[in-house]
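Participant: Generate coordinates for the sequence data below:
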Amino acid sequence: MILIKNLNTNIMKKLIFFISLAGFASLFTSCSAGYVEEEPTYVVVSRPQQPHPTYVWVGDDYTWNRQTRVYVRREGTWVAPNRGRTYAPGYWRKTNRGNQWVSGRWR
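Facilitator: Just a heads-up that it's a prediction; the model follows:
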């Protein structure tokens, strides 16, 4: 009886380990952005009025959609500044695999 319990415990531990491993793998692959042959076409958008004189315009950004394998554009917005930091806008990086969007960030 003890042998069967130990066997079941070992099987459960292995099963939990492999499920956890698969979860971590999917987490890391979901964070990686894709590559495209050509950058999306740019859209000219008029900025809304600045809500406060200290606000900073954070321009358009792109997010990678894993299902459709395309970048989806997000419109820019006004944001309160991060104290002592400046915003570096996103840009397209050309690589051997194609073009990849590098998101803007506060530095």
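
Participant: Helix, strand, or coil at residue 53?
Facilitator: Classification of residue 53 using DSSP: H, G, I helix; E, B strand; the rest coil returns coil.

Participant: how many other residues sit next to it?
Facilitator: As a burial measure, residue 53 scores 5 neighbours (other CB atoms under 10 Å). C-beta: built from backbone N, CA, C; applies to glycine.

Participant: tell me the domain boundaries of this protein?
Facilitator: The record's domain parsing of the chain by automatic domain parsing lists 1-31, 35-106.

Participant: Now do the end-to-end distance for the longest one.
Facilitator: Counting by CA to CA, to the nearest Å, you get 24 Å between the two ends of domain 35-106.

Participant: which stretches of the chain aren't confidently modelled?
Facilitator: 1-32 (pLDDT under 70).

Participant: in it, which spans are helices?
Facilitator: Remark: helices assigned in the chain by DSSP state H are 2-31.

Participant: Residue 56 touches residue 81, doesn't it?
Facilitator: Yes - Residue 56 is in contact with residue 81 according to CB atoms under 8 Å; the separation is 5.0 Å.

Participant: Could you tell me which residues touch both of those two?
Facilitator: Residues touching both residue 56 and residue 81 (CB atoms under 8 Å, 6 or more residues apart in numbering) are residue 87.
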